[in-house]
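S.K.: need the 3D shape of this:
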Amino acid sequence: MFEVAMFRGGAYKHNKLVELIEDVGGYILESRKVAQEINLRFAVPFEDWEYIQAFVVEELDGSLKILPLLMCEVAVVSPTISRHHLPHSVCDIAEFYRRRGAFTNVIGLSTGRGKIRTGLTDEEIKIINEHELAVIVLGNFRTCIEEKVNIFDEIRIPKIFVGAPKTINVDVSYLGGIGRKGHRFSTMHEIQLLEALIEKSSMLIKELKKELELNPPVYPVFYVIDQIKKNIEDLQYTIAPTPLVPKLNGCRVNLPYGHYNSALREIEVGEHKLKEISNMQKSYFNDSILIRLKPRYLLEV
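M.R.: Numbering: from 1, shown residues only. Next comes the predicted model:
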């Protein structure tokens with residue numbers, strides 16, 4: 001497996017860091033240069049992480065930060081998109097995840113308000129299940145939260161519930177102290193709550209990574225993404241904020257499924273074509289292409 005991290009600092013001699021990352025079998029995920037500062041996101045094998053740390057300390061003027069959620073799409077789910085539920089907790093939580101490397105999508109339910117009529121549609125379930133993690137932001141009342149938790153049973157991915165009560169009488173992963181607020185998260189206590197949410201999320205993702213390690217794909221996700229970038233030139237010109245979103249076991253390509261799925265299927269990845277080592281489908285979330293890599297044992301049979 002790989003350690004994913006971000007280097008931020010002076011652009012001077014950063015090319016040497018890029019060369020070192022590539023020499024140890026790592027991958028550059030994103031490189032942004034603003035004036036004389038570089039923001040570099042990359043992945044390197046776990047066993048080589050210490051070499052990268054030592055090089056940055058000795059040779060470069062900058063900082064390294066591990067991003068445990070970099071390969072994750074997080075669904076931040078709100079019961080509705082109305083002012084009754086949405087601001088400000090949902091927006092602040094989504095932004096905090098982005099700053100920790102995750103890709104976030106805010107999802108407002110069509111029938112999430114109240115205890116009697118609340119529920120999820122089949123389409124909403126499918127959309128949320130495309131992510132690696134679901135953060136479900138509920139309200140301030142314990143009885144309401146406890147009754148709503150059960151409607152999310154069909155969500156197969158790891159999920160965390162948050163709300164105002166410190167505890168609830170349901171056996172789920174829950175973090176209290178975060179309910180509906182009329183202001184942004186700004187105090188030290190509120191920031192600590194967000195940090196606790198990130199820590200809880202990182203633990204769940206770590207367990208998910210361990211499961212994937214038991215049945216790894218033929219090629220690392222980063223290598224597959226690299227081949228897609230080399231073969232699909234239009235990724236450079238799409239207006240999507242993130243043309244290609246890396247995931248723990250694949251990626252999301254933000255190009256129209258109907259126009260590009262055929263070309264993607266024929267991309268050569270090592271000794272295989274992409275269609276042989278992955279399952280490809282149109283996203284329920286939008287017109288993008290969702291690619292999930294098959295475990296190695298399926299191809300060895």
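
S.K.: can we go C-alpha only for contacts and neighbour counts from here?
M.R.: Fine.

S.K.: quick one: contacts for the spatially most central residue of the chain?
M.R.: Geometric centre of the chain, nearest residue: residue 72, 1.9 Å, by CA atoms, centre = their mean. Residues in contact with residue 72 (CA atoms under 8 Å, 6 or more residues apart in numbering) are 102, 103, 131, 132, 133, 246, 247, 248.

S.K.: ditto for residue 136
M.R.: So residue 136 contacts 76, 77, 78, 159, 160, 161, 162 (CA under 8 Å, 6+ apart).

S.K.: so what sits opposite it in the bridge?
M.R.: Under the criterion DSSP bridges, residue 136 forms beta bridges with residue 77, residue 161.

S.K.: show the pLDDT at it.
M.R.: For residue 136, the model assigns a pLDDT of 93.

S.K.: distance check, residue 17 against residue 206.
M.R.: Distance, residue 17 to residue 206, using CA to CA, to the nearest Å: 27 Å.

S.K.: which one of the two has more residues nearby?
M.R.: Neighbour count, other CA atoms under 10 Å: between residue 17 and residue 206, residue 17 has more, with 17 against 14.

S.K.: just list the residues touching that one, thanks.
M.R.: Residues near residue 17 by CA under 8 Å, 6+ apart: 52, 55, 56.

S.K.: same check, this time on residue 229
M.R.: Taking CA under 8 Å, 6+ apart, we find residue 229 in contact with residue 235.

S.K.: the stretch 101-250 of the chain: helices as residue ranges?
M.R.: Taking DSSP state H, counting those that start in this stretch, the helices of the stretch 101-250 of the chain run over residues 122-129, 142-148, 188-214, 221-231.

S.K.: burial measure for residue 167, as a count.
M.R.: Per other CA under 10 Å, the neighbour tally for residue 167 reads 13.

S.K.: which residue, neighbours along the chain excluded, lies closest to it?
M.R.: Spatially, and ignoring its direct neighbours in sequence, residue 167 is nearest to residue 176 (6.1 Å; CA to CA, 6 or more residues apart in numbering).

S.K.: show me what contacts the one you found?
M.R.: Residue 176 sits next to 162, 163, 164, 165, 166, 167 when contact means CA under 8 Å, 6+ apart.

S.K.: now the worst-scoring helix or strand of the chain on mean pLDDT: buried residues?
M.R.: Of all helical and strand segments in the chain, the minimum by mean pLDDT, DSSP states H and E falls on helix 296-300, at a mean of 79. Neighbour counts over helix 296-300 (16 or more other CA atoms under 10 Å) mark no residue as buried.

S.K.: and stretch 44-55, by the same measure?
M.R.: 44, 49.

S.K.: return the closest of the contacts of residue 176 with respect to residue 285.
M.R.: Using CA to CA, residue 162 comes nearest to residue 285 of the contacts of residue 176, at 23.3 Å.

S.K.: any idea how far that closest one lies from residue 197?
M.R.: 9 Å.

S.K.: spit out the residues that contact these two alike.
M.R.: Contacts common to residue 162 and residue 197, judged by CA under 8 Å, 6+ apart, are residue 175.

S.K.: what about residue 238, neighbour count?
M.R.: Neighbours around residue 238, by other CA under 10 Å: 13.

S.K.: pLDDT score assigned to the residue nearest to residue 167?
M.R.: Reported pLDDT for residue 176: 90.

S.K.: next, the closest residue to residue 70 other than its chain neighbours: phi, psi?
M.R.: Sequence neighbours aside, residue 101 is the residue nearest to residue 70 in space, at 4.2 Å (criterion: CA to CA, 6+ apart). Backbone torsions for residue 101, taken as degrees, to the nearest 10, come to phi 100, psi -10.

S.K.: tell me how many other residues crowd residue 101.
M.R.: Residues lying near residue 101 (other CA under 10 Å) number 20.

S.K.: send the alpha carbons of the least confident helix or strand of the chain over as CSV?
M.R.: The C-alpha coordinates for helix 296-300 follow below in CSV (Å, rounded to 0.1, in the frame of the first residue of the first chain):
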residue,chain,number,x,y,z
ARG,A,296,-6.3,-9.9,-8.5
TYR,A,297,-7.6,-13.4,-7.8
LEU,A,298,-10.5,-12.9,-10.2
LEU,A,299,-8.0,-12.6,-13.1
GLU,A,300,-5.8,-15.4,-11.9
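
S.K.: now find how far off-centre it is within its chain.
M.R.: The chain centre lies 26 Å from the centre of helix 296-300; the measure is CA atoms, centre = their mean, to the nearest Å.

S.K.: over to stretch 57-72?
M.R.: Worked out by CA atoms, centre = their mean, stretch 57-72 lies 17 Å from the chain centre.

S.K.: and stretch 93-107, by the same measure?
M.R.: Relative to its parent chain, stretch 93-107 has a centroid offset of 8 Å by CA atoms, centre = their mean.
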